[in-house]
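K.L.:
Just to be clear, the model below is a prediction. Sequence and coordinates:
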Amino acid sequence: MKRKLGSYLKSRGGYLILYFLFIGVFRCVLYLYDVRQDALDYAVLLTAALLVGAGGIDFIIYCRHLERVEEALKACPYELRVMPPSGELAELFYQEKLRQLFHYKEELETDTRISRQEMLDYYSLWAHQIKTPIAAMQLLLQSFDEGGIEEEGAGFIRPMKMELFKTEQYVEMVLSYLRMEDMSSDLTLQWYEIDDIVRQAVRKYSQLFILKKIHLNYKKCEGMVLTDEKWLLLVIEQLLSNALKYTQKGTISIYMEPGRECLLVIEDTGIGIQNEDLPRIFEKGFTGYNGRRDKKSTGIGLYLCKSVCAKLNHSISLKSEVGKGTKVSLDLHRKPLRIE
């Protein structure tokens, strides 16, 4: 109410000043003509009473108009409701400009949605089409293995398999990234054995473990988790992919943190992450020192993991030391959601 009263007095201040000027002029003129003082005071009192009464009625009308404007603007920017009529030309201009901006916003959003959908359709089509030559190359490499090749050829086939596997993973990452914004419609929450999901990821990357000669220290992951299997599997696969990418030799360990409920740990003995990069490691597009050195990092993998975990109501944290390795913890215990 104080804000409305202050706004009202500010908008009507000029009229009040003009009123007091008129009263002063009349008092001076009538005083010069020797009009009685009590008559002057009585005239001032009557005009002041009229001013207060008219001002009170005008203030009530002003407040009601403000309430209608506030009610109409509550739906903005999602909806443009009918604005209350106004006798002020400036306000009418503002209302017209607001309508024009709202229609422009709708057209811009429509164009953006169409462009985004076209982009999604294109990349989805590309990702599915690229799987055909990948599958063909896998068959060719398999035929070389079955047919038997010389030792020199084996040295060539092994890195080919590794790079082909990476290519397939990047394609799957593209598809997951495109689907992530609409993943709410794709969620199927059920109770799953944590060990079953983790073993799927390990089996998928078993060939890469063999090709890179990385030792896997795997302990059975006891426990049940309420989650979406496909999306949680994506997170674990991405974490395994990162561990393998930045571990040239040594061990990757997968286990449940002792004494903690549903805390899955993926730990490696790789190159580690710089301390100054740790606070930003989950940001979209951030590659850090390792990514700049590697020249191939996209800065999407950990961002994807963080976003998926947030939508699954899980949490992810990371500790690392340069030259000693990285430890990623997945807290699969679902915390109660707060509805505000």
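P.N.:
Nice, thanks for sending it over.
K.L.:
what residue lies at the spatial centre of the chain?
P.N.:
Ser307 (7.9 Å; C-alpha atoms, centre = their mean).
K.L.:
Mean pLDDT per helix and strand in this protein: which one sits at the bottom?
P.N.:
Lowest by mean pLDDT, DSSP states H and E among the helices and strands of the chain is helix 288-294, with a mean of 63.
K.L.:
Can you name the element that comes right after that helix?
P.N.:
Downstream of helix 288-294, the first helix or strand assigned by DSSP states H and E is helix 301-311.
K.L.:
In terms of secondary structure, what does that next one contact?
P.N.:
helix 151-180, helix 229-245, strand 315-321 (3 or more C-beta pairs under 8 Å, 6 or more residues apart in numbering; DSSP states H and E). The way it works is simple: take the backbone N, C-alpha and C, and place the C-beta from them, glycine included.
K.L.:
coming back round to it: OK, contacts around the residue nearest to the centre of the chain?
P.N.:
Counting by C-beta atoms under 8 Å, 6 or more residues apart in numbering, Ser307 touches Met180.
K.L.:
Show me what the longest helix seen in the chain is packed up against.
P.N.:
Scanning the chain for the helix with the most residues, using DSSP state H, yields helix 89-147. If you count contacts as 3+ C-beta pairs under 8 Å, 6+ apart, helix 89-147 packs onto helix 151-180.
K.L.:
pLDDT of the helix it packs on, averaged?
P.N.:
Averaging pLDDT along helix 151-180 gives 74.
K.L.:
Can you name the next helix or strand after that helix?
P.N.:
Downstream of helix 151-180 (by DSSP H and E), the next one is strand 190-193.
K.L.:
Strand partners (parallel or antiparallel) of that following strand?
P.N.:
strand 224-227 (antiparallel) (DSSP bridges).
K.L.:
picking up where we left off before, would you tell me which one of the helices and strands packed on helix 301-311 is buried the most?
P.N.:
Scoring the helices and strands packed on helix 301-311 by mean neighbour count under mean count of other C-beta atoms under 10 Å gives helix 229-245 as the most buried, with a mean of 21.
K.L.:
Could you dump the helices and strands packed on helix 301-311 into TSV and include distance to Val25?
P.N.:
Output for these, formatted as TSV (distance: least, C-beta to C-beta, whole Å):
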stretch	distance to Val25
helix 151-180	73
helix 229-245	79
strand 315-321	75
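K.L.:
Mind checking the ones you listed for the one nearest to Ile194?
P.N.:
helix 229-245 (8.9 Å; C-beta to C-beta).
K.L.:
For the closest one, name the packing helices and strands.
P.N.:
Helix 229-245 packs on helix 151-180, strand 190-193, helix 194-212, strand 251-256, strand 263-268, helix 301-311, strand 325-331, going by 3+ C-beta pairs under 8 Å, 6+ apart.
K.L.:
Would you mark the buried spots in the second one?
P.N.:
Along strand 190-193, these residues count as buried under the neighbour rule (16 or more other C-beta atoms under 10 Å): Tyr192.
K.L.:
Not counting it itself, show me its contacts.
P.N.:
So strand 190-193 is contacted by 223-229, 232 (C-beta under 8 Å, 6+ apart).
K.L.:
Show me how far that strand is from its chain's centre.
P.N.:
Chain-centre distance of strand 190-193: 27 Å, with C-alpha atoms, centre = their mean, to the nearest Å.
K.L.:
Poorly predicted segments of the stretch 51-200 of the chain, please.
P.N.:
In the predicted model of the stretch 51-200 of the chain, residues 144-156 satisfy pLDDT under 70.
K.L.:
again, only this time at 50
P.N.:
Scanning the stretch 51-200 of the chain for pLDDT under 50 picks out no residues.
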